[in-house]
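Participant: please work out how this folds:
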Amino acid sequence: RNHRDVQFEGAKDISAEAMATPRKTDGKKPLVTNQACFGCTIACGRIQKIDQSHFSVENKPQYWGASGGLEYEAAWALGNANGVNDLDALQYANVLCNEQGMDPISFGATIGAVMELYEMGVLTKEQLGTDAPFGSARALVHFAEMTAQGVGFGKEIGLGSARLTAKYGHPDLSMSVKGQEFPAYDSRGIQGMGLAYATSNRGACHLRGYTVASEVLGIPVKTDPLVAEGKPELVKAFQDATAAFDSAGICIFTSFAWGLADVQPQVAAACGEEFTLEKLNEIGERVWNMERDFNNKAGFTAKDDTLPKRLLTEPAKTGPAKGLVNKLPEMLPQYYEVRGWDAGGQLKPETRARLGL
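Facilitator: Numbering: from 1, shown residues only. Presented below is the predicted three-dimensional model:
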């Protein structure tokens, strides 16, 4: 519900288990099979079928066959973010996102802002073409179709949440950083992810420093997700390692088992013995600083390394993080220090010299 809550009572209805469980309506499982890139044993993709009698596709036989299915982030963004627990509605909206090249995270998170603005009375049924309270699967489907077609209020949704909420006078309701919407992690409950979002070079992103691996899953070591201590160092380490992984052309999912020590001999075999472990670490750090330097020169400043007001001032209502906000003001200055940046978030001369920038 646009980060008003940190837990969703309908999560079980749109989970991986639900996708693998026969429906009551037709007795068929939504999940047909997993899908993989060539030669990959992880197979993170999903192939699914929507119930032909579901309101979203009942008169649309073109959507009755197997198609790309929900993955974790899409299930969250289309479902939990909007309080919607209708699995078939989520799958249909996801198919439209796939067809039209729309990011389901940004789309779903933008719908969360629209639904909140509707419940506040800022947006009306006449403007939207439908009632749009949190939890409305029909509104989600309606918005997905309108946005995919670029008609009606779909044009406004296509602006993304940052521009849309600013246009209607409530920019604080965009759950985004640097204009990019949040993926499926609330930074009141996972403190390191809040810092990773705020400092990501491409806006709120879980694929540029996935501290969830450590804070929740214990990979490579377990850290407490509810504390700020040690998170600046953790975030830097994850960001640098991820930049090295990406530069090597390796799927980031392998990092749940591999570290840079596993990647290093592969890169060295392909590119030459000079690619030592120390060199890979330096490459990752250098990439991150080059991106930061580019952003600074493009006009981004330390003021952009922030989070929505809601995550900094409205405590989590339930769960292990109950009563907590994100502790970004405590973590950010220390992060700049470990990065070798000044208080304004700019690279220090000695950092430039060390990295050859």
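Participant: state the distance from the most far-flung residue of the chain relative to its centre to Val221.
Facilitator: The centre of the chain is farthest from one residue, Glu273, which by CA atoms, centre = their mean lies 36.1 Å away. Counting by CB to CB, to the nearest Å, the separation of Glu273 from Val221 is 30 Å. The C-beta positions use only the backbone N, C-alpha and C, and glycine is treated the same way.
Participant: am I right that the residue farthest from the centre of the chain falls within a helix?
Facilitator: No: secondary structure of Glu273 (DSSP: H, G, I helix; E, B strand; the rest coil): coil, not part of a helix.
Participant: distance of it from Gln264?
Facilitator: Taking CB to CB, one finds Glu273 at 11 Å from Gln264.
Participant: also Met331?
Facilitator: Counting by CB to CB - Met331 and Gln264 are separated by 30 Å.
Participant: next one: stretch 236-246 to chain centre, how far?
Facilitator: 17 Å (CA atoms, centre = their mean, to the nearest Å).
Participant: need the CA coordinates for it. CSV is fine.
Facilitator: What follows is stretch 236-246, C-alpha atoms only, in CSV (Å, rounded to 0.1, in the frame of the first residue of the first chain):
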residue,chain,number,x,y,z
LYS,A,236,30.1,-0.3,-0.1
ALA,A,237,31.3,-3.8,-0.2
PHE,A,238,28.2,-5.1,-1.9
GLN,A,239,28.1,-2.2,-4.4
ASP,A,240,31.7,-2.7,-5.4
ALA,A,241,31.4,-6.5,-5.7
THR,A,242,28.2,-6.1,-7.7
ALA,A,243,29.9,-3.7,-10.1
ALA,A,244,32.7,-6.2,-10.6
PHE,A,245,30.2,-9.1,-11.2
ASP,A,246,28.3,-7.0,-13.8
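Participant: what comes up buried for it?
Facilitator: 236-245 (16 or more other CB atoms under 10 Å).
Participant: what's the answer for stretch 309-324, then?
Facilitator: Neighbour-count burial for stretch 309-324 flags 310-312, 316, 321, 324 (criterion: 16+ other CB under 10 Å).
Participant: repeat that for stretch 263-279.
Facilitator: Buried residues in stretch 263-279 (16+ other CB under 10 Å): 263-264, 267-268, 275, 277.
Participant: TSV for the residues you listed, including distance to Ser187?
Facilitator: Formatted as TSV, those follow (distance: CB to CB, whole Å):
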residue	distance to Ser187
Val263	28
Gln264	32
Val267	32
Ala268	37
Phe275	34
Leu277	31
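Participant: next step: those restricted to helices.
Facilitator: 263-264, 267-268, 277 (DSSP state H).
Participant: can you show me the helices along the stretch 201-350 of the chain?
Facilitator: Using DSSP state H, counting those that start in this stretch, the helices found in the stretch 201-350 of the chain span residues 212-215, 231-247, 260-271, 277-297, 309-313, 328-339, 349-355.
Participant: tell me the mean pLDDT over the last one?
Facilitator: Per-residue pLDDT over helix 349-355 has a mean of 98.
Participant: same thing with the shortest one?
Facilitator: Averaging pLDDT along helix 212-215 yields 97.
Participant: report all helices and strands that it contacts.
Facilitator: helix 191-199, helix 231-247 (3 or more CB pairs under 8 Å, 6 or more residues apart in numbering; DSSP states H and E).
Participant: closest one to Asp103 among those?
Facilitator: helix 191-199 (15.9 Å; CB to CB).
Participant: now that closest one, how far from the centre of its chain.
Facilitator: 12 Å.
Participant: relative to helix 231-247, how tilted is it?
Facilitator: 60 degrees (axes from the mean of the first three to the mean of the last three CA atoms, to 10 degrees).
Participant: touching helix 191-199 from outside, list them.
Facilitator: 177, 182, 185, 187-188, 204-206, 208-212, 214-215, 223, 225-228, 231-232, 234-235, 238-239, 305-307, 311, 326-328, 331-332, 335 (CB atoms under 8 Å, 6 or more residues apart in numbering).
Participant: mind running it again at 7 Å?
Facilitator: Helix 191-199 has contacts (CB atoms under 7 Å, 6 or more residues apart in numbering) with 177, 182, 185, 187, 204, 208-209, 211-212, 215, 225-228, 231-232, 234-235, 305-307, 311, 326-328, 331-332, 335.
Participant: stretch 307-320 too?
Facilitator: 3, 5-7, 172, 174-175, 177, 187-189, 194, 197-198, 226, 322-326, 328.
Participant: again, only using 6 Å
Facilitator: 3, 6-7, 172, 175, 187-188, 194, 198, 322-326, 328 (CB atoms under 6 Å, 6 or more residues apart in numbering).
Participant: Gly154: which of those residues is nearest?
Facilitator: After measuring those against Gly154 - CB to CB - the closest member comes out as Met175, at 20.0 Å.
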